[in-house]
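K.L.:
Just a sequence and a predicted model for now, questions to come.
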Amino acid sequence: MGVWETLANELAGASAEAGRSVVGVLGGRHPSSGIVVGKDAIVAASHAVRRDEDLTVITAPGESMAARAAGRDAGTDLVVLRLPQPIDAPVARWAAATSLRVGELVLALGRTRRGNVVASSGVISGLINGPMRTWRGGEIDQFIRPDLTFYPGFSGGPLVNNRSEFVGLNTAGLHRSGITVPASTVMRVTAELLEKGRIERPYLGLAMQTVPLPESLRARLNLTASEGLLVLHVEPEGPAEKAGMLMGDVLLTANGQAVPDTDSIQEILRGNKPGAQIEIELVRGGVASKLNVQIQARPATK
Amino acid sequence: MIVASSSTQRAALAETMAHALGERAHITSASQFSQERFIATASELLIADLDTPAAAGNMLRFLQQAAVSVGAIALIDDPDGEWVGSALNASINAILARDAGPEDLLLAVQAAEAGLVLLHPTSVRGLFPDQFRTAPDGSALEELTGREDQVLRLVSAGLGNKEIAARLAISEHTVKFHISSILGKMNVTSRTEAVSLGIRRGLIPI
């Protein structure tokens, strides 16, 4: 058998096989796709599924069922849908670790509103290892840009490798040219959305700005740090307010680590979950003290 | 005379103008700019909905080639500074946003009748980008307005323009205007940068 025939058979076979875990989703102005992640759960592209209720999931030509959104993470453009009864489709097999290489041939799959599997092919064009922030403030583990055509309706569908594993979920909602949210991110976000209905990000409830510490203060309190974070605003009902922090406090360390800027305290926050305690050393009115703040989940925006 | 590429937009504008002007309005509409048609219909005022750069260019040419002085109102979103300059040079009377309501359109008509010029703020910032960086008293305009502060916080929560518009009960167009103003004041080129800087400056709680 020639290479052409082999390749043709492999790609067609993979589309059909992997396509069994791909569904069509109607929940916005235009149809999009989704991936089966559980007996009664689908993950799709949040920007393409505008509504929360009255959604339709299409599993095959002529077969569909109602669904509702069970949780969204706008930051990673993912939404999880719950089905009223189990779906007769295999759950997606996600790729293990970041096994992708630039130049590797991949397939993007989708399912149309009529229930047919559609495909697009190309190579991995760009890879950057994360973690990194999307423009919507979410965290993805890797930036994956496939070089293929994102036809309308492909958002929410999988990017498939030659082992028929899903390396991620494709979306046109995070980047102009269409990118793939990596499997690890999809799995992490989906699990949390299914459990809690939203992504809980660790939150202190403080707006701060770097300030240099005056020499006299440093000398008097024997401080090694030369900069600290001045609290400009304490969010009402937030974790910092509950711990007794006040506007005007200057943060020096968090969990023993110096916090000369907001980046450093964000780093420390990222390493902790809601519920965890953080010990803050601060200066208030020229006097040093310590406070324990219990991190909470960032509240839904008002 | 109303010029717009889509018949729905023409009909909508015709209705709005009829409301704004009342009985004295004699309204005709067309899908293209045409000197002959304008003269033939004895029109005195041109109101054009400019939905593409091409339409904007066509209106400019129409104004530049007009044999008689024409009252002219353009409805255009985020016009580029150069176009605004050329339009003013060609004696345009008003530049409004495309979602302008009857009150604004009436003001524009009155401006045209008085031989004055009426400009929507978004059309001006492109003309003098540096001028608008300072407050009237000369101090640097670093402060965000209350509304801009709200919008920045919603951007930092990962909301897109449509979602912000729905949340604040304003138009998407207005959201874009606020974001453009925020980016300008903070001297950044993207929402992500605005959020990063906002956190560093203590504008956004973490």
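P.N.:
Now that the structure is in, tell me what you want to look at.

K.L.:
Show me what from the stretch 51-200 of chain A comes close to chain B.
P.N.:
A:74-75, A:133, A:135-138 (Cβ under 8 Å from any Cβ of the partner chain). Using the backbone N, CA and C atoms, a C-beta is placed for each residue, glycine as well.

K.L.:
if you set the cut-off to 6 Å instead, what comes out?
P.N.:
A:74-75, A:135-137 (Cβ under 6 Å from any Cβ of the partner chain).

K.L.:
Of those, which pair is most distant in space?
P.N.:
Farthest pair in these (Cβ to Cβ) is A:A74 and A:W135. Separation: 10.6 Å.

K.L.:
Looking only at neighbour counts, state which of these two leads.
P.N.:
Neighbour count, other Cβ atoms under 10 Å in any protein chain shown: between A:A74 and A:W135, A:A74 has more, with 21 against 17.

K.L.:
mind checking the SS state of the residue lying closest to that one once chain neighbours are set aside?
P.N.:
Nearest non-adjacent residue to A:A74, counting by Cβ to Cβ, 6 or more residues apart in numbering or on different chains: B:G158, 4.0 Å away. At B:G158 the chain is in coil, as set by DSSP: H, G, I helix; E, B strand; the rest coil.

K.L.:
Same question for A:I278.
P.N.:
Quick answer, by three-state DSSP: A:I278 is strand.

K.L.:
before we move on, what about B:P79?
P.N.:
B:P79 ends up coil, using three-state DSSP.

K.L.:
The closest residue to A:F154 other than its chain neighbours and A:L81: what is the separation?
P.N.:
Of all residues not flanking A:F154 in the chain, A:G110 sits nearest, at 4.4 Å (Cβ to Cβ, 6+ apart). Plainly put, A:G110 is 16 Å away from A:L81 if you go by Cβ to Cβ, to the nearest Å.

K.L.:
Tell me which of those two has more neighbours.
P.N.:
A:G110 (28 against 25).

K.L.:
picking up where we left off before, wait, a helix at the residue nearest to A:F154?
P.N.:
No. Counting by three-state DSSP, one finds A:G110 to be strand, located in no helix.

K.L.:
residues contacting the spatially most central residue of chain B?
P.N.:
By Cα atoms, centre = their mean, chain B has its centre lying nearest to B:A97, at 2.8 Å. By Cβ atoms under 6 Å, 6 or more residues apart in numbering or on different chains, the residues touching B:A97 are B:77, B:120.

K.L.:
change it to 8 Å
P.N.:
B:75-77, B:120, B:122, B:173 (Cβ atoms under 8 Å, 6 or more residues apart in numbering or on different chains).

K.L.:
just checking, which of the residues you listed belong to strands?
P.N.:
Applying DSSP state E to the contacts of B:A97, the entries found in strands are B:L75.

K.L.:
I'd like the average pLDDT over the helix or strand where A:W4 lies.
P.N.:
Taking DSSP states H and E as the criterion, A:W4 maps to helix A:3-19. For helix A:3-19, the mean pLDDT works out to 95.

K.L.:
Using CSV, write out every CA atom in it.
P.N.:
Output in CSV follows, covering the C-alpha atoms of helix A:3-19 (Å, rounded to 0.1, in the frame of the first residue of the first chain):
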residue,chain,number,x,y,z
VAL,A,3,1.9,6.2,1.6
TRP,A,4,-1.1,8.1,0.3
GLU,A,5,-3.5,5.3,0.8
THR,A,6,-2.2,4.5,4.2
LEU,A,7,-2.4,8.1,5.3
ALA,A,8,-5.9,8.5,3.8
ASN,A,9,-7.1,5.4,5.7
GLU,A,10,-5.5,6.4,9.0
LEU,A,11,-6.9,9.9,8.9
ALA,A,12,-10.4,8.8,7.9
GLY,A,13,-10.3,6.0,10.5
ALA,A,14,-9.2,8.4,13.2
SER,A,15,-11.9,10.9,12.3
ALA,A,16,-14.6,8.2,12.6
GLU,A,17,-13.2,6.7,15.7
ALA,A,18,-12.3,9.8,17.7
GLY,A,19,-15.5,11.5,16.3
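
K.L.:
Just list what it packs against, helices and strands only.
P.N.:
Contact analysis of helix A:3-19 by 3 or more Cβ pairs under 8 Å, 6 or more residues apart in numbering or on different chains; DSSP states H and E lists strand A:105-111, strand A:117-133, strand A:158-160 as its packing neighbours.

K.L.:
Just give the closest residue to the residue nearest to the spatial centre of chain A, not the sequence neighbours.
P.N.:
Against the mean C-alpha coordinate of chain A, by Cα atoms, centre = their mean, the closest residue is A:T76 at 3.5 Å. Nearest non-adjacent residue to A:T76, counting by Cβ to Cβ, 6+ apart: A:G138, 3.9 Å away.

K.L.:
go on, A:V231?
P.N.:
A:D249 (4.7 Å).

K.L.:
Could you pull up the residues touching that neighbour?
P.N.:
A:D249 touches A:230-231, A:282-284, counting by Cβ under 8 Å, 6+ apart.

K.L.:
which parts of chain B sit against chain A?
P.N.:
B:153-154, B:156-160, B:163, B:167, B:190-192, B:195, B:199-206.

K.L.:
at 6 Å instead, please
P.N.:
Checking chain B against chain A by Cβ under 6 Å from any Cβ, the hits are B:157-158, B:191-192, B:199-202, B:205-206.

K.L.:
Out of the helices and strands in chain B, which is least certain?
P.N.:
helix B:121-125 (a mean of 75; mean pLDDT, DSSP states H and E).

K.L.:
Based on its surroundings, how many neighbours for the residue nearest to A:G115 when sequence neighbours are not counted?
P.N.:
Nearest residue to A:G115, sequence neighbours excluded (Cβ to Cβ, 6+ apart): A:P61, at 3.7 Å. Neighbourhood size, A:P61 [other Cβ under 10 Å]: 12.

K.L.:
Please apply the same query to A:E195.
P.N.:
A:E195 - counted by other Cβ under 10 Å - has 10 other residues nearby.

K.L.:
would you say it is within a strand?
P.N.:
No. Counting by three-state DSSP, A:E195 is not part of a strand but helix.

K.L.:
Would you mind giving the domain segments of chain B?
P.N.:
B:2-125, B:131-200 (automatic domain parsing).

K.L.:
and the ones you listed, which one is worst for confidence?
P.N.:
What stands lowest among those, in mean pLDDT terms, is domain B:131-200, with a mean of 81.

K.L.:
re the thing from before, could you say what helices and strands the following helix or strand past the helix holding A:W4 packs with?
P.N.:
Following helix A:3-19 in sequence order, the next helix or strand is strand A:22-26 (DSSP H and E). Judged by 3 or more Cβ pairs under 6 Å, 6 or more residues apart in numbering or on different chains; DSSP states H and E, strand A:22-26 is in contact with strand A:32-38, strand A:55-60, strand A:105-111.

K.L.:
Can you get me a residue count around the nearest residue to A:L221 once chain neighbours are set aside?
P.N.:
Of all residues not flanking A:L221 in the chain, A:A288 sits nearest, at 5.0 Å (Cβ to Cβ, 6+ apart). Neighbour count for A:A288, taken as other Cβ under 10 Å: 15.

K.L.:
got a list of what A:L78 touches?
P.N.:
Contacts of A:L78 (Cβ under 6 Å, 6+ apart): A:43, A:46, A:189.

K.L.:
can you check A:M208 too?
P.N.:
A:229, A:231, A:262, B:202.

K.L.:
could you show me where the strands are in chain B, in order?
P.N.:
B:2-3, B:29-30, B:45-49, B:71-75, B:94-96, B:118-119.

K.L.:
that older thread, using CSV, please lay out the residues of chain B next to chain A together with neighbour count and distance to A:V37.
P.N.:
As requested, the residues of chain B next to chain A are arranged in CSV below (neighbours: other Cβ atoms under 10 Å in any protein chain shown; distance: Cβ to Cβ, whole Å):
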residue, neighbour count, distance to A:V37
B:A157, 22, 25
B:G158, 24, 22
B:R191, 20, 29
B:T192, 16, 28
B:I199, 21, 33
B:R200, 16, 37
B:R201, 17, 40
B:G202, 19, 40
B:P205, 22, 33
B:I206, 20, 31
